[in-house]
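Colleague: A predicted structure for the sequence below; I have some questions about it.
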Amino acid sequence: MLTIYSDDHRLHHAQGEMVGGEFQPCFEMPARADHVLARVKAQQLGAIREPEDFGLTPIARIHSADYLDFLQKAWAGWAAQGNTADFLPGVFPARHLRAKRPDDLYGQYGFHSFDCFAPITAGTWQAVYTSAQVALTAQREVAAGARSAFALCRPPGHHASADVMGGYCYLNNVAIAAQAFLDQGAKRVAILDVDYHHGNGTQSIFYERADVFVANIHGSPSFEYPHFLGYADETGAGAGEGYNLNLPLAAGSAWDVWGAALDTACKRIAAYDADVVLVSLGVDTYQNDPISSFKLDSPDYLRMGQRIAALGKPTLFVMEGGYAVAEIGINAVNVLEGFQGA
Ligand SMILES: NCCCCCC(=O)NO
Ligand SMILES: [Zn+2]
């Protein structure tokens with residue numbers, strides 16, 4: 001299986017995030033991608049290539065002009081005000097406020113964010129731009145006939161919607177790749193999000209569309225981040241009614257429960273008969289993940305890959321979350337090896 005990877009991810013490394021009321025080192029750190037890449041090499045998964053540059057056009061098929069304009073100019077504007085620390089938002093258009101886009105940079109940051117977990121640094125734009133190009137390059141490989149490909153994206157993307165960032169996500173890599181398949185002639189695309197957290201951004205982007213089926217298996221928003229989307233009654237709207245599947249699970253879920261949910265999702269994907277399947281590959285479902293509560297063990301990721309392979313569709317894997325850094329490579333590549341060996 002081909003892996004697409006770029007060192008540009010290293011340009012994004014924020015100073016910290018609020019954990020337990022204290023400013024602590026970011027869980028979403030460059031070492032995550034280093035460990036996955038090292039395991040790809042150790043397991044001789046396949047060739048590793050740099051991304052091509054497809055420009056802003058395919059990104060703009062998913063994200064709004066205002067949003068992309070903000071992301072590109074934010075750091076320069078922040079630095080021009082004499083700031084050197086990371087840029088962070090603090091005020092959001094919550095309920096009972098007016099979601100009118102302000103003129104000033106700080107107001108725009110809050111307008112384009114749903115939490116404080118998407119810090120902007122000097123290198124953030126380049127890193128997220130390249131992460132999207134990684135997904136687009138792997139997409140081309142599958143579109144050209146490869147059975148599968150792995151987009152080793154960092155930063156991740158599934159929490160980002162058309163014009164709102166959060167949860168370490170800025171550009172929705174999997175959505176950008178899904179749209180590229182459709183723009184290149186695919187009729188139906190399925191996205192399976194196996195990350196521990198609900199992919200609220202991906203859901204919102206395709207919620208009213210029937211050409212993309214989105215399935216999520218995740219910690220229930222009743223207790224887990226992102227807290228405000230991901231319930232089972234969210235089944236799509238308008239033309240998209242019936243094309244969104246949420247399988248929220250209880251804290252502490254292990255393979256017995258998780259694997260059954262995967263089977264349910266795969267049956268719905270099989271019925272949808274997609275031309276291609278994209279997998280938002282987060283491995284924060286792992287039992288030792290520091291910010292998550294599921295109990296999957298490393299062999300379970302082999303089973304995950306095997307079950308996805310049984311769909312019998314060309315498959316694009318796009319890296320999302322996973323913060324048990326020592327095991328992230330084993331777990332992510334186990335999925336890919338389980339898929340490849342099936
Ligand atoms: N406290 C912020 C939690 C962000 C979740 C990031 C993630 O892994 N999403 O899949
Ligand atoms: Zn996650």
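Modeller: Sure thing, it's come through. Residues are numbered from 1 along each chain as shown. Ligands and ions are numbered 1, 2, ... in the order given.

Colleague: Next up, the contacts around the residue nearest to A85 when sequence neighbours are not counted.
Modeller: Spatial nearest neighbour of A85, chain neighbours left out: Q15 (6.6 Å); criterion: C-beta to C-beta, 6 or more residues apart in numbering. For glycine as for every other residue, the C-beta is placed from the backbone atoms N, C-alpha and C. Contacts were defined as C-beta atoms under 8 Å, 6 or more residues apart in numbering; by that measure Q15 touches 23, 26, 85-86, 119, 121.

Colleague: Dump the residues you listed into JSON lines; add distance to S161 and neighbour count as well.
Modeller: Supplementary listing: the contacts of Q15 in JSON lines, determined by distance: C-beta to C-beta, whole Å; neighbours: other C-beta atoms under 10 Å:
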{"residue": "F23", "distance to S161": "27", "neighbour count": "9"}
{"residue": "C26", "distance to S161": "22", "neighbour count": "19"}
{"residue": "A85", "distance to S161": "27", "neighbour count": "11"}
{"residue": "D86", "distance to S161": "22", "neighbour count": "18"}
{"residue": "P119", "distance to S161": "18", "neighbour count": "21"}
{"residue": "T121", "distance to S161": "21", "neighbour count": "18"}
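
Colleague: Among those, which one sits closest to ligand 2?
Modeller: The closest of the contacts of Q15 to ligand 2 turns out to be C26 (C-beta to the ion; 13.6 Å).

Colleague: Against ligand 1, how distant is the closest one?
Modeller: 10 Å (C-beta to the nearest ligand atom, to the nearest Å).

Colleague: Which helix or strand contains that residue?
Modeller: When secondary structure is defined using DSSP states H and E, no element contains C26, which sits outside every helix and strand.

Colleague: Pull the contacting residues for it.
Modeller: The contact partners of C26, taken as C-beta under 8 Å, 6+ apart, are 13-17, 119, 168.

Colleague: circling back to that earlier point, quick check: which element contains the residue nearest to A85?
Modeller: Assigning secondary structure by DSSP H and E places Q15 outside every helix and strand.

Colleague: Return the member of the contacts of Q15 nearest to A261.
Modeller: Lowest distance from A261 to those (C-beta to C-beta) belongs to C26, with 29.2 Å.

Colleague: hey, where'd the strands end up in the protein?
Modeller: With DSSP state E applied, the chain shows strands at 2-4, 17-19, 22-24, 48-49, 148-151, 189-193, 212-219, 244-249, 276-281, 315-319, listed in chain order.

Colleague: Let's have those in CSV, adding distance to H96 and mean pLDDT.
Modeller: CSV is the format used below for those (distance: least, C-beta to C-beta, whole Å; pLDDT from 0 to 100):
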stretch, distance to H96, mean pLDDT
strand 2-4, 44, 99
strand 17-19, 24, 96
strand 22-24, 29, 97
strand 48-49, 49, 98
strand 148-151, 40, 99
strand 189-193, 31, 99
strand 212-219, 28, 99
strand 244-249, 27, 99
strand 276-281, 32, 99
strand 315-319, 36, 99
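
Colleague: closest point of the protein to ligand 2, which residue?
Modeller: Sorted by distance to ligand 2 under C-beta to the ion, the residues of the chain start with G321, at 2.9 Å.

Colleague: residues near the residue in the chain positioned nearest to ligand 1, how many?
Modeller: Shortest the chain-to-ligand 1 distance, computed as C-beta to the nearest ligand atom: residue-wise this is G321, at 2.8 Å. Other residues lying near G321 total 27 when counted by other C-beta atoms under 10 Å.

Colleague: what does the average pLDDT come to for the helix ranked longest in the chain?
Modeller: The helix of greatest length in the chain, counted in residues with DSSP state H as the criterion, is given as helix 124-143. Confidence for helix 124-143, expressed as mean pLDDT, is 99.

Colleague: between it and strand 276-281, how many degrees?
Modeller: Compare the direction of helix 124-143 with that of strand 276-281 by axes from the mean of the first three to the mean of the last three C-alpha atoms, to 10 degrees and you get 140 degrees.

Colleague: how about the residues of the protein near ligand 2?
Modeller: Applying C-beta under 5 Å from the ion, we find that the chain lies next to ligand 2 at 195-197, 282, 284, 321.

Colleague: so can I have JSON lines of those showing pLDDT and distance to D66?
Modeller: Formatted as JSON lines, the residues of the chain next to ligand 2 follow (pLDDT from 0 to 100; distance: C-beta to C-beta, whole Å):
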{"residue": "D195", "pLDDT": "99", "distance to D66": "27"}
{"residue": "Y196", "pLDDT": "99", "distance to D66": "31"}
{"residue": "H197", "pLDDT": "99", "distance to D66": "26"}
{"residue": "G282", "pLDDT": "99", "distance to D66": "28"}
{"residue": "D284", "pLDDT": "98", "distance to D66": "31"}
{"residue": "G321", "pLDDT": "98", "distance to D66": "27"}
